[in-house]
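*Asks:* sequence and computational prediction follow.
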Amino acid sequence: AGKEVVSLPGFGPMLVPGPAGFELGSNWILNPSYLPIFLFERFAALDPAGPWQQIVLGIPRLLAQSSPHGYVMDWVEYVPGDGFYPMPKPSDANQNGPNATGPGGSYDAIRVYLWAGMIDPHDPFRDLILQSVPTISGYLANHDAPPEMVSDQGIPGEQDGPVGFSAAVLPYLRAYPDSSRAVARQMIRLSAQKDATSGLYGKDTAYYDQNLALFATGFLDARFRFGPGGELNVEWKRR
């Protein structure tokens, strides 16, 4: 905690992505996908003297302020006295070549939808989190797959995200009422891209897709849950 929790001026303590390299002058670089709120709730229960409860209180505010148009961003910059703004991936920030990307939501942001959908229904912060990032639920009511990229202006790209994205949004979609059609679309896509022999997903069976699918389907199958205090409850302990 001493190296990776910083006090953001005018905001409070927050976890940064690593012990060094995430201070940009007087500003700070953060990654919302690194902040599953139930983990910090559990840390707060086990270490009440630590900064964890303050971080819990800050996560919904960070997410709301850093998600323009209701879409999660991959990387954000905190400007003291001004707030959070989408930024390019730190390694791309000083590049102008063909591989550089601008600010937006893609392969990091998709993890926020995954953990947001796993928050216990009785968790007092669940609704605040879901209210911060509602837009993709509406998008998926009319589209067959999540977009691979959403711009910092809230404009979804034309390219569909890989099959792991469909898996990742399933717990999130199920947290919304009247989302049965959107859930069905993603389930159909997931089933269509599952290899019956290997059990793997996607044509190229990418490692990241398998991880997203593993956590999403494990949650949907009730193999694990996070309680209202962040505690992990696993299905095999009840046998």
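*Replies:* Sure, I can see it. Quick caveat, the model's predicted, so the values are computed rather than measured. Numbers count the residues shown, from 1 in each chain.
*Asks:* and stretch 33-49, how far out from the chain's middle?
*Replies:* Its chain's C-alpha centre and that of stretch 33-49 lie 16 Å apart, by Cα atoms, centre = their mean, to the nearest Å.
*Asks:* which positions in it come out as buried?
*Replies:* Buried residues in stretch 33-49, counted by 16 or more other Cβ atoms under 10 Å: 33-44. C-betas here are computed from N, CA, C, even on glycine.
*Asks:* looking at these, spot the one nearest residue 121.
*Replies:* Closest approach to residue 121 among the buried residues of stretch 33-49 (Cβ to Cβ): residue 38, at 12.1 Å.
*Asks:* quick check: which ranges of the protein have low pLDDT?
*Replies:* Along the chain, segments meeting pLDDT under 70 span 1, 92-100, 238-239.
*Asks:* which stretches of it form helices?
*Replies:* Secondary structure of the chain (DSSP state H): helices at 37-46, 52-66, 110-116, 126-132, 135-140, 163-174, 180-192, 207-220.
*Asks:* so for residue 10, which of those helices sits nearest?
*Replies:* Nearest to residue 10 among these is helix 52-66; the distance by Cβ to Cβ comes to 11.5 Å.
*Asks:* what's that closest one packed up against?
*Replies:* For helix 52-66, the packing partners by 3 or more Cβ pairs under 8 Å, 6 or more residues apart in numbering; DSSP states H and E come out as strand 12-15, helix 37-46, strand 83-87, helix 126-132.
*Asks:* now do the contacts for the most centrally placed residue in the chain.
*Replies:* With distances taken as Cα atoms, centre = their mean, residue 112 lies nearest the centre of the chain, 0.9 Å away. Residue 112 is in contact with 32-33, 63, 72, 133, counting by Cβ atoms under 8 Å, 6 or more residues apart in numbering.
*Asks:* mind redoing it with 6 Å?
*Replies:* Counting by Cβ atoms under 6 Å, 6 or more residues apart in numbering, residue 112 touches 32-33, 72.
*Asks:* present the helices and strands packed on helix 52-66 as a markdown table; the columns should include distance to residue 228.
*Replies:* Formatted as a markdown table, the helices and strands packed on helix 52-66 follow (distance: least, Cβ to Cβ, whole Å):
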| stretch | distance to residue 228 |
| --- | --- |
| strand 12-15 | 21 |
| helix 37-46 | 8 |
| strand 83-87 | 27 |
| helix 126-132 | 9 |
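*Asks:* between the ones you listed, which one is nearest to residue 138?
*Replies:* Comparing those against residue 138 with Cβ to Cβ, the closest turns out to be helix 126-132 (12.5 Å).
*Asks:* ok so, going back, mind putting the buried residues of stretch 33-49 in CSV, distance to residue 67 included?
*Replies:* What follows is the buried residues of stretch 33-49, written out as CSV (distance: Cβ to Cβ, whole Å):
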residue, distance to residue 67
33, 12
34, 15
35, 12
36, 16
37, 14
38, 19
39, 20
40, 18
41, 21
42, 24
43, 23
44, 24
